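Asker: this one's sequence-less:
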């Protein structure tokens, strides 16, 4: 029996060592996968990827349709981006402003990628020249709208947000003095 006991511990140690290496390998691979996943997510969030190859000089109707769809996606992205602007107007928050700025960078990447892929800066000839020109104008106008909103947000952040915060603080002070509390309006309540 003593010979069986002496043979058993080395086998058990090999098994434990194998199991330890297996767990360490699994944890290492899982951690590496998670880090790569986070890195790719951050990169894709900050850098828009063009949807296809650049449109050639003799563009086909399919190329035109693809650029219309891509510009439509850019316009929808701008709408979502501008909706968050209204949240900042309601209550200016530094974290929300940072998020808005990151969304702005992503949208600008989408806008630039669409312009590069569809080559809106190049004049077009042919039966669809008028349509290409209209798309070029729409592309430029989207950027102008975004620039105007950004200027408005910066103006609000510099001039109006501090005043709004002061008024909010003063209102709370008066409310405390008279012994009432200010209830936040319900999310669906639009009555003044």
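Answerer: Okay, I see it. Quantities reported herein were computed from a predicted structural model and do not represent experimental measurements.
Asker: Following element in sequence after the helix or strand where residue 154 lies, please.
Answerer: Assigned by DSSP states H and E, residue 154 belongs to helix 129-155. Per DSSP H and E, the first helix or strand lying C-terminal to helix 129-155 is helix 161-178.
Asker: where does residue 127 land in three-state SS?
Answerer: coil (DSSP: H, G, I helix; E, B strand; the rest coil).
Asker: ok, so what distance separates it from residue 33?
Answerer: Between residue 127 and residue 33 the distance is 51 Å, computed by CB to CB, to the nearest Å. Where you see a C-beta, it was placed from the backbone N, CA and C, and this is true even at glycine.
Asker: and residue 162, how many neighbours?
Answerer: Residues near residue 162, counting by other CB atoms under 10 Å, number 11.
Asker: Next one, pLDDT for it please.
Answerer: If you check residue 162, the pLDDT there is 77.
Asker: And for residue 61?
Answerer: On the pLDDT scale, residue 61 gets 80.
Asker: what about it, how many residues close to it?
Answerer: Neighbours of residue 61 using other CB under 10 Å come to 10.
Asker: Nearest residue to it in space, please, no chain neighbours.
Answerer: residue 128 (7.0 Å; CB to CB, 6 or more residues apart in numbering).
Asker: ok, so what distance separates the residue nearest in space to the middle of the chain from residue 62?
Answerer: With distances taken as CA atoms, centre = their mean, the residue of the chain nearest its centroid is residue 103 (4.2 Å). Per CB to CB, residue 103 is found 31 Å from residue 62.
Asker: How about residue 36?
Answerer: 35 Å.
Asker: ditto for residue 160
Answerer: 48 Å.
Asker: in what helix or strand does the residue nearest to the centre of the chain lie?
Answerer: Judged by DSSP H and E, residue 103 forms part of helix 94-118.
Asker: which strands and helices sit next to that helix?
Answerer: If contacts are counted by 3 or more CB pairs under 8 Å, 6 or more residues apart in numbering; DSSP states H and E, helix 94-118 sits against helix 2-46, helix 61-90, helix 129-155.
Asker: what about that helix, distance to the chain center?
Answerer: 7 Å (CA atoms, centre = their mean, to the nearest Å).
Asker: okay, now residue 77: neighbour count?
Answerer: Every residue meeting other CB under 10 Å relative to residue 77 is counted, giving 20.
Asker: same deal with residue 30?
Answerer: Neighbours of residue 30 using other CB under 10 Å come to 10.
Asker: pLDDT score for it?
Answerer: With respect to pLDDT, residue 30 has a value of 91.
Asker: Make residue 1 into 6 and carry on from there
Answerer: Taking 6 as the first residue, the last one we looked at is residue 35.
Asker: how much space is there between it and residue 29?
Answerer: Counting by CB to CB, the gap from residue 35 to residue 29 is 11 Å.
Asker: how about low-confidence regions in the chain?
Answerer: For the chain, applying pLDDT under 70 flags the ranges 6-17, 46-64, 90-98, 185-197.
Asker: wait, isn't the residue nearest to the centre of the chain in contact with residue 86?
Answerer: Yes - Residue 108 is within contact range of residue 86, at 5.1 Å (criterion: CB atoms under 8 Å).
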